[in-house]
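A.B. asks: this one's structure only:
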(Lines give C-alpha, C1' and ligand atoms only; values in the text may rest on other atoms or scores of the structure.)
Protein backbone atom coordinates (compact mmCIF):
# COMPACT_ATOMS: atom_id res chain seq x y z
CA UNK A 1 0.00 0.00 0.00
CA UNK A 2 0.99 3.65 -0.13
CA UNK A 3 2.22 3.10 -3.67
CA UNK A 4 2.43 6.80 -4.48
CA UNK A 5 4.53 7.49 -1.40
CA UNK A 6 6.80 4.51 -2.21
CA UNK A 7 7.45 5.78 -5.72
CA UNK A 8 8.85 9.02 -4.35
CA UNK A 9 11.24 7.21 -1.98
CA UNK A 10 14.62 5.78 -2.90
CA UNK A 11 14.78 2.12 -3.95
CA UNK A 12 14.34 -0.37 -1.05
CA UNK A 13 13.17 2.17 1.56
CA UNK A 14 9.68 2.17 3.08
CA UNK A 15 7.39 5.02 4.07
CA UNK A 16 7.21 5.86 7.77
CA UNK A 17 5.30 3.39 10.01
CA UNK A 18 2.74 6.04 10.98
CA UNK A 19 1.43 5.94 7.42
CA UNK A 20 0.80 2.21 7.73
CA UNK A 21 -1.14 2.74 10.95
CA UNK A 22 -3.43 5.20 9.17
CA UNK A 23 -4.02 2.77 6.30
CA UNK A 24 -4.65 -0.09 8.74
CA UNK A 25 -7.20 2.03 10.63
CA UNK A 26 -8.88 2.91 7.34
CA UNK A 27 -9.06 -0.76 6.33
CA UNK A 28 -10.46 -1.76 9.74
CA UNK A 29 -13.09 0.97 9.45
CA UNK A 30 -14.16 -0.34 6.03
CA UNK A 31 -14.14 -3.90 7.36
CA UNK A 32 -16.49 -2.98 10.23
CA UNK A 33 -18.73 -1.01 7.86
CA UNK A 34 -18.89 -4.00 5.53
CA UNK A 35 -19.63 -6.34 8.46
CA UNK A 36 -22.43 -4.05 9.65
CA UNK A 37 -23.99 -3.96 6.17
CA UNK A 38 -23.62 -7.74 5.92
CA UNK A 39 -25.33 -8.28 9.29
CA UNK A 40 -28.17 -5.92 8.36
CA UNK A 41 -28.59 -7.76 5.06
CA UNK A 42 -28.77 -11.08 6.91
CA UNK A 43 -31.48 -9.70 9.24
CA UNK A 44 -33.44 -8.30 6.30
CA UNK A 45 -33.30 -11.64 4.51
CA UNK A 46 -34.61 -13.39 7.64
CA UNK A 47 -37.45 -10.85 7.93
CA UNK A 48 -38.37 -11.35 4.27
CA UNK A 49 -38.42 -15.14 4.69
CA UNK A 50 -40.64 -14.86 7.77
CA UNK A 51 -43.03 -12.57 5.88
CA UNK A 52 -43.10 -14.98 2.94
CA UNK A 53 -44.01 -17.85 5.26
CA UNK A 54 -46.81 -15.81 6.83
CA UNK A 55 -48.19 -14.83 3.43
CA UNK A 56 -47.97 -18.44 2.24
CA UNK A 57 -49.93 -19.65 5.27
CA UNK A 58 -52.56 -16.96 4.71
CA UNK A 59 -52.91 -17.87 1.03
CA UNK A 60 -53.21 -21.58 1.85
CA UNK A 61 -55.94 -20.79 4.36
CA UNK A 62 -57.88 -18.74 1.80
CA UNK A 63 -57.40 -21.47 -0.80
CA UNK A 64 -58.77 -24.06 1.62
CA UNK A 65 -61.83 -21.91 2.34
CA UNK A 66 -62.44 -21.46 -1.40
CA UNK A 67 -62.18 -25.21 -1.97
CA UNK A 68 -64.63 -25.83 0.88
CA UNK A 69 -67.06 -23.33 -0.62
CA UNK A 70 -66.67 -25.00 -4.01
CA UNK A 71 -67.48 -28.41 -2.50
CA UNK A 72 -70.61 -27.05 -0.80
CA UNK A 73 -71.77 -25.39 -4.02
CA UNK A 74 -71.23 -28.66 -5.91
CA UNK A 75 -73.21 -30.57 -3.28
CA UNK A 76 -76.03 -28.03 -3.50
CA UNK A 77 -76.01 -28.39 -7.30
CA UNK A 78 -76.34 -32.17 -7.03
CA UNK A 79 -79.19 -31.71 -4.54
CA UNK A 80 -81.02 -29.35 -6.87
CA UNK A 81 -80.45 -31.78 -9.73
CA UNK A 82 -82.53 -34.32 -7.81
CA UNK A 83 -85.38 -31.77 -7.72
CA UNK A 84 -85.00 -31.21 -11.46
CA UNK A 85 -85.04 -34.96 -12.08
CA UNK A 86 -88.40 -35.38 -10.35
CA UNK A 87 -89.77 -32.39 -12.25
CA UNK A 88 -88.55 -33.72 -15.57
CA UNK A 89 -90.10 -37.14 -14.94
CA UNK A 90 -93.50 -35.59 -14.29
CA UNK A 91 -93.09 -33.16 -17.17
CA UNK A 92 -92.85 -35.79 -19.93
CA UNK A 93 -96.49 -35.35 -20.97
CA UNK A 94 -97.21 -39.01 -20.28
CA UNK A 95 -100.57 -39.83 -18.87
CA UNK A 96 -100.38 -41.90 -15.73
CA UNK A 97 -103.38 -40.63 -13.85
CA UNK A 98 -101.22 -38.89 -11.26
CA UNK A 99 -101.52 -35.54 -13.03
CA UNK A 100 -105.24 -35.39 -12.36
CA UNK A 101 -105.03 -36.55 -8.74
CA UNK A 102 -105.83 -33.90 -6.17
CA UNK A 103 -102.73 -32.64 -4.24
CA UNK A 104 -100.24 -34.70 -6.26
CA UNK A 105 -98.35 -31.59 -7.45
CA UNK A 106 -97.83 -30.46 -3.87
CA UNK A 107 -96.76 -33.96 -2.80
CA UNK A 108 -94.27 -34.26 -5.69
CA UNK A 109 -92.85 -30.80 -4.99
CA UNK A 110 -92.48 -31.41 -1.25
CA UNK A 111 -91.06 -34.87 -1.86
CA UNK A 112 -88.43 -33.63 -4.31
CA UNK A 113 -87.45 -30.76 -2.01
CA UNK A 114 -87.18 -33.21 0.87
CA UNK A 115 -84.98 -35.42 -1.28
CA UNK A 116 -82.74 -32.43 -2.04
CA UNK A 117 -82.42 -31.60 1.67
CA UNK A 118 -81.63 -35.22 2.52
CA UNK A 119 -78.99 -35.45 -0.22
CA UNK A 120 -77.34 -32.19 0.89
CA UNK A 121 -77.48 -33.16 4.57
CA UNK A 122 -75.99 -36.59 3.85
CA UNK A 123 -73.04 -35.09 1.96
CA UNK A 124 -72.39 -32.44 4.61
CA UNK A 125 -72.54 -35.03 7.39
CA UNK A 126 -70.12 -37.25 5.47
CA UNK A 127 -67.70 -34.34 4.98
CA UNK A 128 -67.82 -33.35 8.65
CA UNK A 129 -67.20 -36.92 9.84
CA UNK A 130 -64.32 -37.29 7.43
CA UNK A 131 -62.80 -33.99 8.55
CA UNK A 132 -63.14 -35.02 12.20
CA UNK A 133 -61.50 -38.39 11.54
CA UNK A 134 -58.64 -36.70 9.68
CA UNK A 135 -58.11 -34.27 12.56
CA UNK A 136 -57.96 -37.16 15.01
CA UNK A 137 -55.08 -38.66 13.02
CA UNK A 138 -53.01 -35.46 13.22
CA UNK A 139 -50.51 -35.07 16.06
CA UNK A 140 -51.62 -32.74 18.86
CA UNK A 141 -49.18 -29.92 18.02
CA UNK A 142 -50.31 -29.52 14.40
CA UNK A 143 -54.04 -28.99 15.04
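C.D. replies: Now that the structure is in, tell me what you want to look at. Keep in mind that what you see is a predicted model, and the values were worked out from it rather than measured.

A.B. asks: mind listing the helices for the protein?
C.D. replies: Under the criterion DSSP state H, the chain carries helices at the ranges 3-7, 17-90, 104-137.

A.B. asks: lowest average pLDDT across those helices?
C.D. replies: Mean pLDDT per stretch puts helix 3-7 lowest among the helices of the chain, at a mean of 71.

A.B. asks: list of residues touching it?
C.D. replies: 14, 15, 19 (C-beta atoms under 8 Å, 6 or more residues apart in numbering). Yep, even glycine has a C-beta here, placed from its N, CA and C like the rest.

A.B. asks: of these - the most surrounded one?
C.D. replies: Sorting the contacts of helix 3-7 by how many neighbours each has (other C-beta atoms under 10 Å) puts residue 15 first, at 16 neighbours.

A.B. asks: please report how far that one lies from residue 118.
C.D. replies: 98 Å (C-beta to C-beta, to the nearest Å).

A.B. asks: for residue 98, same thing?
C.D. replies: Applying C-beta to C-beta to residue 98 and residue 118 gives a distance of 22 Å.

A.B. asks: quick check, nearest of the contacts of helix 3-7 to residue 64?
C.D. replies: residue 19 (67.8 Å; C-beta to C-beta).

A.B. asks: show me what contacts the residue positioned nearest the centre of the chain?
C.D. replies: Centroid-nearest residue in the chain: residue 60, 1.7 Å away (criterion: C-alpha atoms, centre = their mean). For residue 60, the contact set (C-beta under 8 Å, 6+ apart) is empty.

A.B. asks: pretty sure residue 9 sits against residue 19.
C.D. replies: No. Contact between residue 9 and residue 19 fails when scored by C-beta atoms under 8 Å: they sit 11.0 Å apart.

A.B. asks: thank you, goodbye.
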